[in-house]
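Chemist: any chance you could fold what I've pasted below:
(2 chains)
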2 protein chains.
Amino acid sequence: MAGSTGSYALLDVSQARQRLLDYFSPTSEEIVPLNESHGRILARPIESTLDLPVFTHSSMDGFAVHAVDLREARKDRPAVLSVVEDIPAGSMPQATLESRQAARIMTGAVLPEGADAVVPVEFTDHFQTDSRPGAALPEAVSIFRAVQPGDYVRERGQDIKQGAQVLATSTRLRPQDIGLLAMLGITQVSVRRRPQVALFSSGDELVPIDQPLRPGSIHDSNAYSLAASIARDGGQAIYLGIARDREESVEFLLEEAADRKVDIIISSAGVSVGAFDFVREVVRKRGELQFWRVNMRPGKPLAFGFFKTIPFVGLPGNPVSAFVGYEVFLRPAIIKMSGFTGQFRNVRRVRLGEEVESDGRESYLRARITERDGYPVAHLTGHQGSGNLLSLVQANALLIIPSGVKSLPINTEVEAWLIDEGISWARFPDHA
Amino acid sequence: MAGSTGSYALLDVSQARQRLLDYFSPTSEEIVPLNESHGRILARPIESTLDLPVFTHSSMDGFAVHAVDLREARKDRPAVLSVVEDIPAGSMPQATLESRQAARIMTGAVLPEGADAVVPVEFTDHFQTDSRPGAALPEAVSIFRAVQPGDYVRERGQDIKQGAQVLATSTRLRPQDIGLLAMLGITQVSVRRRPQVALFSSGDELVPIDQPLRPGSIHDSNAYSLAASIARDGGQAIYLGIARDREESVEFLLEEAADRKVDIIISSAGVSVGAFDFVREVVRKRGELQFWRVNMRPGKPLAFGFFKTIPFVGLPGNPVSAFVGYEVFLRPAIIKMSGFTGQFRNVRRVRLGEEVESDGRESYLRARITERDGYPVAHLTGHQGSGNLLSLVQANALLIIPSGVKSLPINTEVEAWLIDEGISWARFPDHA
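Modeler: Numbering: from 1, shown residues only, chains lettered A, B, ... in the order given. Below you'll find the model as predicted:
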């Protein structure tokens, strides 16, 4: 009953979130192959297994030389060197370069002993001749300008020294990170196990989405949106199905979650408060359950507890409330379990495009941000009743109206969480 | 050879990108189950199959009433109505509500015939009594205040009318969109097929990452970073392996790509220009190939053509150049094929934290953005040599220095593409 929560203090959103987060810690480590590691979170730092570059090499197609031999080279008085070797990429030079000798060298090929610089082919009389591996090697090369020792040469270890840390614990692996690991010949990495998240819905009014609606019933939609959110956040959603308004039904699903040794159980109640009572009874009987009153809108008490020893969170059944509850409380918890410690939200300061009423609670309002005069401006996407799922679908952001505020005039700057994934608003449009 | 491209005009980055994009169009449609649709792009609009709400219902736990019966209800002079029915969520009311009658009703339950409003349980003498489904139904209820017709009632179709478009073609499906489709009982959706992207590397100096390096050789890293980027952008990467510096080897891999009927073939050359020659010969023989000179840094000519009828793009072998080339040219192409038409880049205006030199070409510089005094400030992550992969890994953005610019003073505002996925910089830190 709502009344049974009256004895709990009213918590700020940030207090409630912190209290929840304190119950969670990163999952254990597991090893994954590099080609399955995108988006995973490193469980330990990675040190370079090699010097990078691995060997001193040419950064251009050209000729390896002693720089001193070209001191006086000019366009009208080229230095002429004898070409003694051809060094394609991937092969080892055979000879040590003597004074006034040059070796034809490809980009990336090993610099021969004795050489201290490379002259790009553009500065020689062999520009635009066929220099493919296997093409005839010239006897001599005329070079039209001087180079300094080290020019067009990349020294072994100049970018990364063997043993240096290249990626820190808690890094979320991006394509470029994976590229570096591949370059180092690292074929597998130690990452945090994906948090296992059991999900169920409860309420006699719920019907699976592939079955026709009975009179008075609605489809079980939260399982689908929550499962997608959980996957986005690095977790693995395990959908247990719909619990009916009977203790045995709820208990059956909770036991299944426990058997699977999940990291957290999330229920989304039927829209009715009463429907949650069966969940409450079962969780209380086999663990513990608290209701936290949170000073937020959309709001309901947040149910938190343990079934046996598994953390349990009860979200409202209302789709908008369940979405916001997940964003505000569960997303940070799942990301904490995943081991990621960086910023995961796409947050922007935006201007209100209209006056906004609030009720003094910290409010998460559905809004659409567009750009006007180079600045992001937010308009509400419709009435903020928590049943209005269309307004959530039309929104690309949640506006956060701080607690204590009853009304904000147009043009007030507020914080917004972007809920279109992977995009943001520039101060001017992307030119792509 | 570099020289063979000399006859082509120098293109701006945006011209080259547009020219490339003109060769691509969205893939064909396919049907996927709703629970596998996250991140997919709709191939056609979706119209609502239902009115939402599906039926007129109560938005609170309470009592369904005729509002007119409560006109004079006050705390000290409650209206007393006889309770004639119990309506849990998920069931149909049996009776029509007569004058001075009430029905106990749960949140989400169908409003009975005759009723025009709901009184929340908090405004009655049954607050904090057991109202779970099955609990004893009281004979009468005392109500302490008046309500207006429509109060705490959600009308059938008030949010969405059957037949109304709820999602447009080209929408990238988010968790909340999937929730709405589930609510509508839509179990599968028509989306664009994931673009099939064949990838190979070429060059005798390349060694698979699980094999030890020979002297003078390096690991084939681009395949790994490109495959991850392609997957992030909605494509399916098909890694064909490493082509050796022989036409037969290149031809074998290209034929495999053709057999698989991929949508595009991407090669990343060995670091050597010469190594690309074999690819060039084979593509020319069996299709066509152009080199576009693009006024950008890191730059090389961009190779574009067709093998048989499949579009082919040749990226440089250098890991940084390949990464930037993918971001600038291939990412937009793959996203266009995926059917997505919205903004996909995370773009911000940032201030330079140091003076930056450029060479007049449009330059993509590796930088790290941090926040200072509430504004994003960029510092280069090291020397901008295109072999410096560590500087890319340490970067969280590419700074774009426009063409024609040789130097920009500290504090200049420039555009940055964020290359940490899914995050951005707020004007102040996320409070989560």
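Chemist: thought A:Ala378 was touching A:Arg366?
Modeler: No. With contacts counted by Cβ atoms under 8 Å, A:Ala378 stays clear of A:Arg366, the gap being 10.0 Å. C-beta here means a position set from N, CA and C on the backbone, and glycine is covered the same way.
Chemist: overlap in contacts of those two?
Modeler: Overlap of the contact sets of A:Ala378 and A:Arg366 (by Cβ atoms under 8 Å, 6 or more residues apart in numbering or on different chains) consists of A:Leu399.
Chemist: and A:Pro212, how many neighbours does it have?
Modeler: The number of residues packed around A:Pro212, counting by other Cβ atoms under 10 Å in any protein chain shown, is 8.
Chemist: doesn't it belong to a helix?
Modeler: No. The assignment for A:Pro212 is coil, going by DSSP: H, G, I helix; E, B strand; the rest coil, so no helix is present there.
Chemist: skip the chain neighbours and tell me the closest residue to it.
Modeler: Setting aside the residues directly before and after it, A:Pro212 is nearest to B:Gly185 in space (Cβ to Cβ, 6 or more residues apart in numbering or on different chains), at 7.5 Å.
Chemist: quick check: that neighbour touching A:Leu213?
Modeler: Yes. Contact criterion Cβ under 8 Å: B:Gly185 and A:Leu213 qualify, at 6.9 Å.
Chemist: helices and strands of chain A: which one has the lowest mean pLDDT?
Modeler: Of all helical and strand segments in chain A, the minimum by mean pLDDT, DSSP states H and E falls on helix A:273-286, at a mean of 80.
Chemist: next, A:Leu330: secondary structure please.
Modeler: On the three-state scheme (three-state DSSP), A:Leu330 is labelled helix.
Chemist: follow-up on the earlier one: got the contact list for the residue nearest to A:Pro212?
Modeler: Taking Cβ under 8 Å, 6+ apart as the test, what B:Gly185 contacts is A:Ile209, A:Asp210, A:Pro212, A:Leu213, A:His219, B:Thr49, B:Leu50.
Chemist: any idea which of those has the most stuff around it?
Modeler: Neighbour tally across the contacts of B:Gly185 (other Cβ under 10 Å): the maximum, 26 neighbours, falls on A:His219.
Chemist: can you pull the pLDDT of it?
Modeler: With respect to pLDDT, A:His219 has a value of 94.
Chemist: and it, how close does it get to chain B?
Modeler: Taken as Cβ to the nearest Cβ, to the nearest Å, the spacing of A:His219 relative to chain B amounts to 5 Å.
Chemist: tell me the contacts of A:Ala198?
Modeler: Going by Cβ under 8 Å, 6+ apart, A:Ala198 touches A:Ile238, A:Leu240, A:Glu256, A:Ala257, A:Arg260, A:Val262, A:Ile264, A:Ile265, A:Ile266.
Chemist: identify the residues contacting stretch A:152-161?
Modeler: Taking contacts as Cβ under 8 Å, 6+ apart, the residues outside stretch A:152-161 that touch it are A:48, A:50-60, A:62, A:111, A:116-120, A:166, B:382, B:385, B:387-391.
Chemist: filter these down to the buried ones, PyMOL style.
Modeler: Buried residues within the contacts of stretch A:152-161, as defined by 16 or more other Cβ atoms under 10 Å in any protein chain shown, are selected in PyMOL through the command that follows:
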select buried, (chain A and resi 48+50+51+52+53+54+55+56+57+58+59+60+62+111+116+117+118+119+120+166) or (chain B and resi 382+387+388+389+390+391)
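Chemist: just the ones of the contacts of stretch A:152-161 in helices?
Modeler: B:Leu389, B:Leu390, B:Ser391 (DSSP state H).
Chemist: next structured bit after the least confident helix or strand of chain A?
Modeler: Counting by DSSP states H and E, the element after helix A:273-286 in chain order, helix or strand, is strand A:287-294.
Chemist: any stretches of chain A with poor pLDDT?
Modeler: A:1-8, A:130-134, A:270-275, A:421-432 (pLDDT under 70).
Chemist: let's see it at 50
Modeler: Counting by pLDDT under 50, the low-confidence segments of chain A come to A:1-7, A:423-432.
Chemist: longest strand of it, counting residues only.
Modeler: Selection of the longest strand in chain A by residue count, based on DSSP state E, yields strand A:362-372.
Chemist: gap between it and the chain center?
Modeler: The offset between the C-alpha centroid of strand A:362-372 and the centroid of the whole chain comes to 23 Å, using Cα atoms, centre = their mean, to the nearest Å.
Chemist: may I have that strand exported as PDB, CA atoms only?
Modeler: Output in PDB follows, covering the C-alpha atoms of strand A:362-372 (Å, rounded to 0.1, in the frame of the first residue of the first chain):
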ATOM      1  CA  GLU A 362      12.700  17.100  -9.500                       C
ATOM      2  CA  SER A 363      11.000  16.500 -12.800                       C
ATOM      3  CA  TYR A 364      12.000  14.600 -16.000                       C
ATOM      4  CA  LEU A 365      10.000  16.100 -18.800                       C
ATOM      5  CA  ARG A 366       9.800  14.700 -22.300                       C
ATOM      6  CA  ALA A 367      11.000  17.300 -24.800                       C
ATOM      7  CA  ARG A 368      12.200  17.700 -28.300                       C
ATOM      8  CA  ILE A 369      15.400  19.800 -28.800                       C
ATOM      9  CA  THR A 370      16.000  21.600 -32.000                       C
ATOM     10  CA  GLU A 371      18.500  24.200 -33.000                       C
ATOM     11  CA  ARG A 372      17.600  27.800 -33.200                       C
END
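Chemist: buried residues of it, list them for me.
Modeler: Taking 16+ other Cβ under 10 Å as the basis for neighbour counts, the residues of strand A:362-372 that come out buried are A:Glu362, A:Ser363, A:Tyr364, A:Leu365, A:Arg366, A:Ala367, A:Arg368, A:Ile369.
Chemist: and that strand, does that touch chain B?
Modeler: No. No part of strand A:362-372 sits near chain B under the criterion Cβ under 8 Å from any Cβ of the partner chain; the closest distance found is 9.4 Å.
Chemist: the next helix or strand after that strand packs against which elements?
Modeler: Under the assignment DSSP H and E, the closest C-terminal helix or strand after strand A:362-372 is strand A:375-380. Applying 3 or more Cβ pairs under 8 Å, 6 or more residues apart in numbering or on different chains; DSSP states H and E, one finds that strand A:375-380 makes contact with strand A:347-352, strand A:362-372, strand A:397-401, strand A:413-418.
Chemist: the second one pairs with which strands, and in what direction?
Modeler: Going back to what we said before, that points to strand A:362-372. Strand A:362-372 has these partner strands in its sheet, going by DSSP bridges: strand A:296-297 (parallel), strand A:375-380 (antiparallel), strand A:397-401 (antiparallel).
Chemist: turn the ones you listed into CSV, including distance to B:Gln290.
Modeler: Written out in CSV, the entries for the strands paired with strand A:362-372 read as follows (distance: least, Cβ to Cβ, whole Å):
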stretch, distance to B:Gln290
strand A:296-297, 58
strand A:375-380, 40
strand A:397-401, 43
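Chemist: deepest of those, which one?
Modeler: With neighbours defined by mean count of other Cβ atoms under 10 Å in any protein chain shown, none of these is more surrounded on average than strand A:397-401, at a mean of 23.
Chemist: what does that strand rub up against?
Modeler: Contacting residues not belonging to strand A:397-401 are listed as A:324, A:327, A:348, A:350, A:352, A:356, A:358, A:362-369, A:378, A:380, A:408, A:414-420 [Cβ under 8 Å, 6+ apart].
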